[in-house]
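Asker: Any chance you can model this:
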Amino acid sequence: MLTWTARPRDRATSFWRRRVARIYPLHLATAAIFLLMAWTIMPGARPNPTQFLTNLFLVQSWSSDQSYYQA
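Answerer: This is a model prediction of the structure:
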């Protein structure tokens with residue numbers, strides 16, 4: 001699926017730039033919606049700042065702490 005957007009003679013930097021431009025804006029929008037919901041209607045779902053930052057940078061799976069997986 002990722003290779004479908006790869007073009008012949010395309011450099012890796014161009015490929016990854018297009019992937020980030022396509023995926024990351026939606027991720028930021030859903031993170032903003034989650035924060036709004038966490039602070040208004042779901043106070044028990046508030047992540048700590050470290051959990052939120054790891055999720056924001058899409059590296060939450062690098063942590064061995066299971067509380068980061070759904071943060």
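Asker: Distance check, the residue most central in space within the chain against Arg19.
Answerer: The centroid of the chain falls nearest to Leu58 when counting by CA atoms, centre = their mean (4.1 Å). Note on Leu58: its distance to Arg19, by CB to CB, to the nearest Å, is 12 Å. (Glycine included, C-beta is placed from N, CA and C.)
Asker: wait, Asn55 sits on Ala38?
Answerer: No: if you go by CB atoms under 8 Å, Asn55 and Ala38 don't touch, sitting 11.7 Å apart.
Asker: neighbour-wise, which of those two wins?
Answerer: Asn55 (19 against 15; other CB atoms under 10 Å).
Asker: where in the protein is pLDDT low?
Answerer: 1-6, 69-71 (pLDDT under 70).
Asker: rerun at 90
Answerer: Residue ranges of the chain with pLDDT under 90: 1-20, 22-23, 34-35, 37-39, 42-71.
Asker: Quick check: longest helix in it by residues?
Answerer: Taking DSSP state H as the criterion, the chain has its longest helix at helix 12-40.
Asker: distance between that one and the chain's centre?
Answerer: Taking CA atoms, centre = their mean, to the nearest Å, one finds helix 12-40 lying 6 Å from the centre of the chain it belongs to.
Asker: same thing with stretch 52-62?
Answerer: Counting by CA atoms, centre = their mean, stretch 52-62 comes out at 7 Å from the chain centroid.
Asker: Just the buried residues of that stretch, please?
Answerer: 52, 54-55, 60 (16 or more other CB atoms under 10 Å).
Asker: can I get those residues in a markdown table with secondary structure and distance to Ala29?
Answerer: Output for the buried residues of stretch 52-62, formatted as a markdown table (DSSP: H, G, I helix; E, B strand; the rest coil; distance: CB to CB, whole Å):
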| residue | secondary structure | distance to Ala29 |
| --- | --- | --- |
| Phe52 | helix | 15 |
| Thr54 | helix | 18 |
| Asn55 | helix | 14 |
| Gln60 | helix | 18 |
